[in-house]
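J.: predicted model and sequence follow; I will ask about them next.
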Amino acid sequence: MKHGCFEKLSDLMEPLDLDWKERTKKELELMEDLIPLLKKLAGGCEIAGLGAYE
């Protein structure tokens, strides 16, 4: 995943006021839920950087 995308995901979690371990756990949980939807929306096209979460 491009660094900028990761920063945006971290920014999304910032209001939760979590430490880095908790924030990382929440980010991974979110991506686990999003990956099937993203793949469906991509319609079989490769999603660059998604492998970092699989």
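T.: It's in.
J.: tell me, how many residues neighbour L18?
T.: L18: 14 surrounding residues under other C-beta atoms under 10 Å. Backbone N, C-alpha and C define where each C-beta goes, glycine included.
J.: which residues does the lengthiest helix in the chain contact?
T.: Counting residues, the longest helix found in the chain (DSSP state H) is helix 20-42. Defining contact as C-beta atoms under 8 Å, 6 or more residues apart in numbering, one finds that helix 20-42 is touched by L9, S10, M13, L16, L18, I47, L50, Y53, E54.
J.: now Y53. Nearest residue, chain neighbours left out?
T.: Of all residues not flanking Y53 in the chain, M31 sits nearest, at 4.1 Å (C-beta to C-beta, 6 or more residues apart in numbering).
J.: mind putting the contacts of helix 20-42 into a markdown table with secondary structure and pLDDT?
T.: Below are the contacts of helix 20-42 laid out as a markdown table (DSSP: H, G, I helix; E, B strand; the rest coil; pLDDT from 0 to 100):
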| residue | secondary structure | pLDDT |
| --- | --- | --- |
| L9 | helix | 77 |
| S10 | helix | 78 |
| M13 | helix | 82 |
| L16 | helix | 86 |
| L18 | coil | 87 |
| I47 | coil | 87 |
| L50 | helix | 81 |
| Y53 | helix | 79 |
| E54 | coil | 78 |
